[in-house]
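S.K.: attaching a predicted model along with its sequence, questions to come.
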Amino acid sequence: MPEIGRARQISRYLAFDRITNAPPYSSSRISGTRWKGTWSMILYPAVISSIAVIITLVYASYLDIRDRRVPFLTWYPMLIVGVPATIWLLYDATKNVSLITGYLALVAGFFYANYLDTREPAAPFRFPYLAMVLILPALSWFVFAKNVTLSLVPWYGMYAGVLLYISYEEYRKITPKTTKQKRKQQQANISDALSRWYFVLVIVIFAIASFIMMLGGGGGVPGIYIALSAIFCGVFYFFGRMHLFGGADAWALIFIAFCIPTFPMTPLLNNPPLGFLSFSVLINALILTIVAPVGIFILNIVKGNRAPLQYMFFGFPVKGDVVQDAWGFVMEEFTDTHGTVNRRFIGFWESIKQMYAGEGRVYTKDLRENPDLFKKELAIYKNAGTVWISYAVPFIIPITLGLITAIVFGDFLLAIKNAVV
């Protein structure tokens, strides 16, 4: 088959070509599977990164099962391999230094947010971190950009202003305190709100800037992956910060987006329209997770366990005197009135509020590790006889399986839609 014909045949499988409607690129290096200026059917940098990510996720799953905790250092191996591999991928595909710098700015921004969240008050403030997150976007938007867009100036001003203010607050460690003075109370409320919500604003600004650069020709269509990564990662960072999602699970999805922005090869069920791998990983993980509640419901029916219908899917009873040996969150609220135990199931929205507040939910791991702090609760649970707890399969396991299935098979939701339609 002639060179051009072979290139055209393979280009039908290229997600990036389908997005851009780019014509097939012919090259003398047809014997390989990489072509200059386009995503290929097999993207070697993404393959290398995928292997590192899968190995790291498998180990993180093991830690989560054993300890129900994944230290942040666990993610470093996949990042050490994945971030350079993504830079290689972006450079090989676009030769766009502005786009690569924007990608690094996004990664640095998340690391800086994590630094602010976990920094000990007594630790010295690291100003080089702040300088990096301020300089990288400026280089991407104004120095390396092929077409400098002046409309980005106010957006950068807001971006820098928010980070400078939050960093100043962190440096001074201003803690809101109750005061009779109305002005001070208002300042405390503003400070607390900004410290909680600032990164949402940062991500929104970053995504808007990415789209402005794409429309202005500064980032090209591959910039979609930067914008999508900003939005996707920002959502899960917010969920993790608000205790609506496990911290390790949130970081796993965030770092998958950083390390594997697109499919490393054409999956068996073909590429989704945009080819954004992280979204397919999440969809596959959620679909795989549905299997667990169905299994728990069937098991409760077989064992004769009775509870309101919704709780039958997400929990099961354990003996009250050994509840601390199980894994999960207590789904009931108990009160002991003169030796009589009253119990009720915690409602869905009530549980969400407790998760958001980061308090109120009883975790069996806390019962096990701090029995002296929960003497009253343990006595009531023993008196109650049984306690309903939520099942505790770490979501990082479905995430790992979701990544593997997405790479090999593709997006399950898209496959279901195609099968139905």
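M.R.: In hand now; what should we look at? Numbering: from 1, shown residues only.
S.K.: first-to-last residue distance for stretch 212-232?
M.R.: By Cα to Cα, to the nearest Å, the extent of stretch 212-232 from end to end equals 18 Å.
S.K.: that stretch - what's its average pLDDT?
M.R.: Mean per-residue pLDDT for stretch 212-232: 75.
S.K.: for this structure, just list every one of the strands.
M.R.: Counting by DSSP state E, the chain has strands at residues 315-319, 332-337, 340-345, 386-390.
S.K.: adding mean neighbour count and mean pLDDT, write the ones you listed out as JSON lines.
M.R.: For every residue, glycine as well, the C-beta is placed using N, CA and C. Converted to JSON lines, the strands of the chain look like this (neighbours: other Cβ atoms under 10 Å; pLDDT from 0 to 100):
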{"stretch": "strand 315-319", "mean neighbour count": "20", "mean pLDDT": "86"}
{"stretch": "strand 332-337", "mean neighbour count": "14", "mean pLDDT": "78"}
{"stretch": "strand 340-345", "mean neighbour count": "12", "mean pLDDT": "78"}
{"stretch": "strand 386-390", "mean neighbour count": "21", "mean pLDDT": "85"}
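S.K.: phi, psi for the closest residue to residue 318 other than its chain neighbours please.
M.R.: In this structure, residue 318 finds its nearest non-sequential neighbour in residue 326, 4.8 Å apart by Cβ to Cβ, 6 or more residues apart in numbering. Dihedral pair for residue 326: phi -90, psi 180, per degrees, to the nearest 10.
S.K.: can you lay out the strands of the chain as CSV showing distance to residue 378?
M.R.: Converted to CSV, the strands of the chain look like this (distance: least, Cβ to Cβ, whole Å):
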stretch, distance to residue 378
strand 315-319, 12
strand 332-337, 11
strand 340-345, 13
strand 386-390, 10
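S.K.: for residue 104, which of those strands is the nearest?
M.R.: With Cβ to Cβ as the criterion, residue 104 lies closest to strand 386-390 of the strands of the chain, at 39.2 Å.
S.K.: let's see the closest one as CSV, backbone CA atoms only.
M.R.: C-alpha atoms of strand 386-390 as CSV (Å, rounded to 0.1, in the frame of the first residue of the first chain):
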residue,chain,number,x,y,z
THR,A,386,-26.0,-4.8,66.3
VAL,A,387,-24.9,-1.6,64.5
TRP,A,388,-25.5,-0.9,60.8
ILE,A,389,-22.3,0.4,59.0
SER,A,390,-21.6,1.4,55.5
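S.K.: now that strand and strand 340-345, what's the angle there?
M.R.: 20 degrees (axes from the mean of the first three to the mean of the last three Cα atoms, to 10 degrees).
S.K.: name the helices or strands packed onto strand 386-390?
M.R.: If you count contacts as 3 or more Cβ pairs under 8 Å, 6 or more residues apart in numbering; DSSP states H and E, strand 386-390 packs onto strand 315-319.
S.K.: pLDDT weak spots in this structure?
M.R.: The model of the chain has pLDDT under 70 over residues 1-42, 174-196, 216-222, 338-339, 347-361, 392.
S.K.: domains of it?
M.R.: For the chain, automatic domain parsing gives the domain ranges 1-41, 43-275.
S.K.: which residue comes closest to residue 368 once chain neighbours are left out?
M.R.: Nearest residue to residue 368 in three dimensions, chain neighbours excluded: residue 324, at 4.3 Å (Cβ to Cβ, 6+ apart).
S.K.: residue 88: neighbour count?
M.R.: Neighbours of residue 88 under the rule other Cβ atoms under 10 Å: 17.
S.K.: list the contacts for residue 163?
M.R.: Residues counted as contacts of residue 163 (Cβ atoms under 8 Å, 6 or more residues apart in numbering) are 112, 130, 133, 134, 198, 202.
S.K.: can I get those in CSV with neighbour count?
M.R.: Output for those, formatted as CSV (neighbours: other Cβ atoms under 10 Å):
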residue, neighbour count
112, 21
130, 21
133, 23
134, 18
198, 17
202, 23
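S.K.: and for residue 370, the neighbour number?
M.R.: 10.
S.K.: typo on my end, it should be residue 131
M.R.: As a burial measure, residue 131 scores 10 neighbours (other Cβ under 10 Å).
S.K.: so how far is residue 125 from it?
M.R.: Computed with Cβ to Cβ, to the nearest Å, the distance linking residue 131 and residue 125 is 12 Å.
S.K.: ok, and the closest non-adjacent residue to residue 342?
M.R.: Nearest non-adjacent residue to residue 342, counting by Cβ to Cβ, 6+ apart: residue 335, 4.8 Å away.
S.K.: how far away is the one you found from residue 371?
M.R.: Using Cβ to Cβ, residue 335 is found at 20 Å from residue 371.
S.K.: just to revisit the earlier point, do I have it right that the residue nearest to residue 368 meets residue 367?
M.R.: Yes - if you go by Cβ atoms under 8 Å, residue 324 and residue 367 touch, sitting 3.9 Å apart.
S.K.: what's the overlap in contacts for those two?
M.R.: residue 378.
S.K.: nearest to residue 265, of the strands of the chain?
M.R.: Checking those against residue 265 by Cβ to Cβ gives strand 386-390 as the closest, at 37.2 Å.
S.K.: comparing the domains of the chain, which comes out most buried?
M.R.: Most buried of the domains of the chain, by mean neighbour count (mean count of other Cβ atoms under 10 Å): domain 43-275, with a mean of 18.
S.K.: quick one: end-to-end length of it, please.
M.R.: End-to-end distance (Cα to Cα), domain 43-275: 13 Å.
S.K.: farthest pair within the contacts of residue 163?
M.R.: The distance between the two most remote of those (Cβ to Cβ) is 14.3 Å, for 134 and 198.
S.K.: mind listing the helices for the stretch 51-200 of the chain?
M.R.: According to DSSP state H, counting those that start in this stretch, the stretch 51-200 of the chain carries its helices in the segments 76-94, 97-118, 127-138, 152-172, 182-215.
S.K.: make JSON lines out of those and add distance to residue 331.
M.R.: Formatted as JSON lines, the helices of the stretch 51-200 of the chain follow (distance: least, Cβ to Cβ, whole Å):
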{"stretch": "helix 76-94", "distance to residue 331": "34"}
{"stretch": "helix 97-118", "distance to residue 331": "29"}
{"stretch": "helix 127-138", "distance to residue 331": "41"}
{"stretch": "helix 152-172", "distance to residue 331": "37"}
{"stretch": "helix 182-215", "distance to residue 331": "28"}
